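[1] Got a predicted model here, sequence first, then my questions.
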Amino acid sequence: MDLAVFIVDLRELPEAARRYILYHTIACPLIFTWFMLPYYLLVTGLTVLEVGLLFTAVNLAAIGVTAVIGRFFTERDVRRGLVLIDLLGGISSIFYGFASGPLASLIVFAGMLIEKISSPLYPLYQAYERSVYPRDRLKEALIWHLRLPELAIVVTYPIFGYLLGVLCPHPYCIRAAFLAFGIVSILLVPIQLAILPSVVPIKAEEEVVEEPRWLRLYVLAELVFTLAWSLAPTLSLVYYVVEVYEGGLLHIALIEVSISSATILATFIAERIERGEGHGVLQAGTLLTTLGIVGVVAAPSFPLLLLAFHMVRLGDALVFIFKRMWLYELVPARKAALVPSYIAALREALSLASPMIASSLSMIDPRAPYTASLTLFILLLIIYRRSREYFGES
């Protein structure tokens with residue numbers, strides 16, 4: 001299939017969907033700060049256990065907000081929530097930029113708390129997608145939803161990694177980068193308001209008959225998946241690279257490029273898979289992720305580590321597309337904010353202490369968090385076997 005066909009596919013999506021994908025592509029490189037923060041905390045003297053305790057304390061301070069926000073935005077413009085995410089993310093990055101001196105820990109905690117306040121708003125991304133992505137072109141929309149933002153990561157992360165990992169790896173350069181990311185994030189707000197149309201879920205006319213049995217199975221799979229990765233969060237990856245490979249932000253950036261290139265590859269594979277084969281994709285993708293984690297645990301040479309993470313994300317990305325289709329087919333557009341928010345609230349409650357658990361495992365062995373994740377991915381394989389009937393497979 002040539003490039004012209006792909007361009008046509010993108011243009012055939014509704015304008016609102018194309019605008020949202022464009023915004024997502026512009027904003028995606030900013031999440032490099034998620035790796036910068038734990039790295040900065042580790043290189044400025046905190047142990048991995050202390051960083052884990054700090055993340056857990058922030059989780060406790062922000063508990064109980066997610067479900068309330070979902071109900072609030074059922075009757076209000078979801079775009080306002082997306083604006084608030086970028087605004088709070090920008091403010092938190094600016095806080096990190098000023099985190100030096102005797103008050104550094106307090107400033108970092110305040111910034112993390114501000115950022116954590118925005119996390120209950122993340123289900124609004126799914127609410128917006130559910131509203132603007134057409135149900136009859138859902139797979140195509142999700143493919144472009146992954147492809148373009150991941151391409152932006154492939155282009156930008158090596159630059160960020162080289163600047164902060166080779167040219168200037170010092171803490172003051174990382175703080176300056178936080179300030180720059182924060183300013184850019186805040187500047188995204190008027191762009192959002194200019195290009196994204198308003199979406200109020202309760203006004204949606206489209207209705208989908210909910211199927212409680214399949215929604216319960218989806219929720220179970222989502223919670224197990226969340227718990228599996230909460231035991232090996234970004235902090236675990238950063239610590240693993242620092243301790244096992246004596247690496248820095250450039251190494252982390254290269255891992256993320258490998259991951260993003262796998263996501264892009266997954267979008268081309270997914271184009272050739274019919275919706276009815278979703279059950280097989282969920283199982284095959286999860287198996288591929290599991291095998292990739294085995295490779296990570298083996299702590300191979302760095303090039304082979306890149307290949308292992310490539311396998312992990314290739315499986316995850318294939319699962320993401322068909323699992324997200326599953327959710328959007330089950331949830332009515334008018335509940336596009338409510339249901340994902342309830343699911344997110346369950347995920348947060350389930351993984352509340354995961355930063356502390358993950359950092360404790362890392363103290364035992366940097367590979368231990370990934371070893372713990374393996375058992376849960378095996379459990380996911382069993383859960384996805386039950387989805388055969390929903391996806392229409394015999």
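    Sure thing, it's come through. These numbers were taken from a predicted model, which means no experiment stands behind them.

[2] tell me the contacts of residue 386?
    Contact analysis of residue 386 by CB atoms under 8 Å, 6 or more residues apart in numbering lists residue 217. Just so you know, the C-beta spots here come from the backbone N, C-alpha and C atoms, and that holds for glycine as well.

[3] Quick check on it: phi, psi?
    phi -80, psi -10 (degrees, to the nearest 10).

[4] Do you know the pLDDT at it?
    Per-residue pLDDT puts residue 386 at 81.

[5] Likewise for residue 73?
    At residue 73, the model reports a pLDDT of 58.

[6] same check, this time on residue 208
    53.

[7] Over to residue 20?
    pLDDT for residue 20: 91.

[8] Does residue 133 touch residue 19 like I think?
    No. Using CB atoms under 8 Å, residue 133 is not in contact with residue 19, being 11.8 Å away.

[9] quick one, which of these two is more surrounded?
    residue 133 (24 against 17; other CB atoms under 10 Å).

[10] contacting residues for the nearest residue to the more buried one once chain neighbours are set aside?
    What sits nearest to residue 133 in space, not counting adjacent residues and going by CB to CB, 6 or more residues apart in numbering, is residue 141, at 3.9 Å. By CB under 8 Å, 6+ apart, the contact list for residue 141 reads 13, 17, 21, 129, 133, 134.

[11] switch the cut-off to 10 Å
    By CB atoms under 10 Å, 6 or more residues apart in numbering, residue 141 lies in contact with 9-10, 13-14, 17-18, 20-21, 129, 132-135, 321, 324-325, 328.

[12] Please check those and keep the buried ones.
    9-10, 13, 17-18, 20-21, 129, 132-133, 321, 324-325, 328 (16 or more other CB atoms under 10 Å).

[13] How far away from the center of its chain is the helix or strand where residue 328 lies?
    Residue 328 is part of helix 302-330, with elements assigned from DSSP states H and E. Computed by CA atoms, centre = their mean, to the nearest Å, the chain-centroid distance of helix 302-330 equals 11 Å.

[14] Now that helix: buried residues?
    Neighbour counts using 16+ other CB under 10 Å place 305-330 of helix 302-330 among the buried residues.

[15] Restricting to C-alpha, output the helix or strand following that helix in CSV.
    Later in the chain than helix 302-330, the nearest helix or strand by DSSP H and E is helix 338-350. Provided in CSV are the C-alpha atoms of helix 338-350 (Å, rounded to 0.1, in the frame of the first residue of the first chain):
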residue,chain,number,x,y,z
LEU,A,338,-18.1,8.8,32.8
VAL,A,339,-17.1,5.2,32.1
PRO,A,340,-13.4,5.8,31.4
SER,A,341,-13.2,8.0,34.5
TYR,A,342,-14.7,5.2,36.7
ILE,A,343,-12.2,2.8,35.1
ALA,A,344,-9.3,5.2,35.7
ALA,A,345,-10.4,5.6,39.4
LEU,A,346,-10.3,1.9,39.8
ARG,A,347,-6.8,1.8,38.2
GLU,A,348,-5.6,4.5,40.5
ALA,A,349,-6.9,2.8,43.6
LEU,A,350,-5.3,-0.5,42.5
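
[16] Report the inter-axis angle for helix 338-350 versus helix 302-330.
    Here helix 338-350 runs at an angle of 140 degrees relative to helix 302-330 (axes from the mean of the first three to the mean of the last three CA atoms, to 10 degrees).

[17] buried set for helix 338-350?
    Neighbour counts over helix 338-350 (16+ other CB under 10 Å) mark 338, 339, 340, 341, 342, 343, 344, 345, 346, 347, 348 as buried.

[18] surely the first one meets residue 127?
    If I follow you right, that is residue 338. Yes. Look at residue 338 against residue 127 with CB atoms under 10 Å: they come within range, at 8.2 Å.

[19] contacting residues for the residue lying closest to residue 126 once chain neighbours are set aside?
    Leaving aside its chain neighbours, residue 126 sits nearest to residue 340 (4.2 Å; criterion: CB to CB, 6+ apart). For residue 340, the contacting residues are 66, 70, 122-127, 129-130, 222, 327-328, 331, by CB under 10 Å, 6+ apart.

[20] Spatially, which two of those residues are the most separated?
    Within the contacts of residue 340, 66 and 328 form the most distant pair, 19.3 Å apart (CB to CB).

[21] shaky segments in the stretch 201-350 of the chain?
    Within the stretch 201-350 of the chain, the stretches with pLDDT under 70 are 201-211, 333-334, 336-337.

[22] Strands of the stretch 101-250 of the chain, residue ranges please.
    With DSSP state E, counting those that start in this stretch as the criterion, the stretch 101-250 of the chain has no strands.

[23] all helices for it, in order.
    With helices called from DSSP state H, counting those that start in this stretch, the stretch 101-250 of the chain shows them at 104-118, 123-132, 138-162, 171-195, 212-230, 234-245, 249-270.

[24] Now do the shortest one: which elements does it pack against?
    Counting contacts by 3 or more CB pairs under 10 Å, 6 or more residues apart in numbering; DSSP states H and E, helix 123-132 is packed against helix 15-27, helix 66-73, helix 78-97, helix 138-162, helix 302-330, helix 338-350.
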